[in-house]
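Enquirer: Just a sequence and a predicted model for now, questions to come.
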Amino acid sequence: MTRKIDRAPPLLRAFALLEQVAHVQSPVSLQEMTDAVQLPKPTVYRMLNVLEQSGLIAREPGGRRVVAGPRLARLALDVLMNESAHGPRHAILQRLASEVGETVNLTMLEKGEVVYVDRVESAWPLRMTLQPGSRVPLHCTASGKLLLALLPTARCRRVLAALELARHTKNTITDRSQLETELASIRRAGLATDNEEYLAGVVCVAVPVIAHGGRVAACVAVHAPVARMSLARALSIAPALRRAAGALGASFEDGLGADMSRRGPQSGKRTPLRERPRVTPRADGATR
């Protein structure tokens, strides 16, 4: 993505640098940024310093490469979540939920956790509720294991090494070697399952959403109580999930990706929403 922007207004120059950081799939160096936007190196250096001070980019350890900062990552996530309620992706999820008769969701990876970007609930009286913006662990959820498995090998190892493999149910994988074996199987299969690993009595299947250029943009998943849907039944829904994932992938612009975690330390001003699913009966028999 090389372009010459030396005559553009300063604001657009800065935006071009942010686009470059968001576009690449690995930390980017000053020289790579200079080559991409074709501006003098001192100019790029000064602009990167301003962007870093604003939290829009962050430097990797050693300071030679930059990644998306917490403020830029949060902006991207907010845009996706605010757009999704009435956008084409939400309509795709609604059609999928109607087809499979269960709750479906769209998720991404952010700072070692799964974040819910959009969700369509089933009409069943018994269901679990997670609002967009909620976060769940990587190691014991279908979307989390899939997003982790599809990371580049070196980054997958770094993320895995930093994870706390907390036990949530008797089926949770808490052994690192066993989880690595599970991730290898997921890569081969191209899908992941949660067999009551995060919540007892709930199963889930997730498939990747592949955007233009082969980038993993997100995951789409279905989950339900085992009393209503066995794991075998959930796996039989995989073709419908893949069709929806294909449609969702076409809706993502190149440069948006499932992994929004290539950034420096989180800003202390934002408290992540960590929410366990609520299953609370209402008077009408539904749950919230």
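Expert: Nice, I can see it.

Enquirer: Keeping just the C-alphas, turn the helix or strand containing Thr107 into CSV.
Expert: Using DSSP states H and E, Thr107 maps to strand 103-110. Extracted C-alpha coordinates of strand 103-110, given in CSV (Å, rounded to 0.1, in the frame of the first residue of the first chain):
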residue,chain,number,x,y,z
THR,A,103,-27.9,-17.8,19.3
VAL,A,104,-25.1,-16.8,17.0
ASN,A,105,-22.4,-14.2,17.5
LEU,A,106,-19.5,-12.4,15.8
THR,A,107,-16.3,-12.2,17.8
MET,A,108,-12.7,-10.8,17.5
LEU,A,109,-9.5,-11.1,19.4
GLU,A,110,-8.4,-8.2,21.6
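
Enquirer: What helices and strands are in contact with it?
Expert: Judged by 3 or more C-beta pairs under 8 Å, 6 or more residues apart in numbering; DSSP states H and E, strand 103-110 is in contact with helix 70-84, helix 88-100, strand 113-120, helix 142-149, strand 216-225, helix 238-251. All C-beta atoms are positioned from the backbone trio N, CA, C, and that covers glycine.

Enquirer: Can you tell me which helix or strand of the protein has the lowest average pLDDT?
Expert: Least confident element among the helices and strands of the chain, by mean pLDDT, DSSP states H and E: helix 70-84 (a mean of 66).

Enquirer: Can you report how many residues lie near Arg59?
Expert: Look at Arg59: counted by other C-beta atoms under 10 Å, it has 16 neighbours.

Enquirer: The nearest residue to it once chain neighbours are set aside: what secondary structure?
Expert: Nearest non-adjacent residue to Arg59, counting by C-beta to C-beta, 6 or more residues apart in numbering: Val66, 5.6 Å away. Classification of Val66 using DSSP: H, G, I helix; E, B strand; the rest coil returns strand.

Enquirer: For Val66, which residues count as its bridge partners?
Expert: Beta-bridge partners of Val66, counted by DSSP bridges, are Val28, Arg59.

Enquirer: So it sits against Met47, correct?
Expert: No - Val66 is beyond contact range of Met47, at 11.1 Å (criterion: C-beta atoms under 8 Å).

Enquirer: more neighbours, those two?
Expert: Legend: neighbour count by other C-beta under 10 Å for Val66 and Met47, higher for Val66 (26 against 20).

Enquirer: can you pull the contacts of that one?
Expert: Applying C-beta atoms under 8 Å, 6 or more residues apart in numbering to Val66 gives the contacts Val21, Pro27, Val28, Ser29, Leu30, Met33, Leu48, Glu52, Ile57, Ala58, Arg59, Glu60.

Enquirer: Hmm, the first one is touching Arg65, no?
Expert: No - look at Val21 against Arg65 with C-beta under 8 Å: they stay out of range, at 10.0 Å.

Enquirer: Give the intersection of the neighbour lists for these two.
Expert: With C-beta under 8 Å, 6+ apart, Val21 and Arg65 have common neighbours Val28.

Enquirer: which residue packs closest to Gly87, ignoring adjacent ones?
Expert: With sequence-adjacent residues excluded and distances taken as C-beta to C-beta, 6+ apart, Gly87 is closest to Ser251, at 7.9 Å.
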